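**Student:** Fold the stuff below for me.
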Amino acid sequence: MCGVAKRFGDVVAVESVDFDVFPGEIHALVGENGTGKSTLMHILSGTIEPDEGSIYVAGKKVRFETPADALAAGIGMVHQKPLLIDSLSVLDNLRIGTARTERLRRRVEELCAEHSLDIELDTRVERLTDAAREHVALVALLLRDLDIVILD
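**Tutor:** Sure, this is the predicted structure:
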């Protein structure tokens, strides 16, 4: 991200931010509430368009109009309140948006074991804690084999 800025009316949420991420790196954005951390990550994940600045992926300038654009570029985000369908099971939620209908359960179980996530796949989402919902959203991104995973 180069020179990224975002305003909401007269409020400057993010101003002239440069941010680089390279393979294998882990970053933490730390600061008080209202300092623009989530706004910056929403820009990177395609949820919000910046007013200024540019985003580059693998050296190519990109423009994300939607989160689907960011996903196609290998960037996904687990939001503080993941959007899941309460009346469906965890596994049925994970089936949404993926072509992997066969072997999905096995792959999800592998990812959960690999990342020490204890998720009961047949449980309806409405019965999950907020933390478990975030784990489901994380697994959904891990299934996509993304280059950048953002945890808000």
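**Student:** and Asn33, how many neighbours?
**Tutor:** 6 (other Cβ atoms under 10 Å). In short, each C-beta sits where N, CA and C put it, glycine included.
**Student:** how far away is it from Ile55?
**Tutor:** 25 Å (Cβ to Cβ, to the nearest Å).
**Student:** Likewise for Lys37?
**Tutor:** Between Lys37 and Ile55 the distance, using Cβ to Cβ, works out to 17 Å.
**Student:** In this protein, where is pLDDT below threshold?
**Tutor:** Where the chain drops to pLDDT under 70, the residues are 97, 99-101.
**Student:** Tell me where it has helices.
**Tutor:** Counting by DSSP state H, one finds helices in the chain at the ranges 37-44, 67-72, 90-95, 104-114, 130-142.
**Student:** Summarise which helices and strands the first one is packed against.
**Tutor:** Okay, so that is helix 37-44. strand 2-8, strand 11-17, strand 75-78, strand 148-151 (3 or more Cβ pairs under 8 Å, 6 or more residues apart in numbering; DSSP states H and E).
**Student:** possible to save the ones you listed as TSV with mean neighbour count?
**Tutor:** Listed next are those as TSV, based on neighbours: other Cβ atoms under 10 Å:
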stretch	mean neighbour count
strand 2-8	15
strand 11-17	15
strand 75-78	22
strand 148-151	17
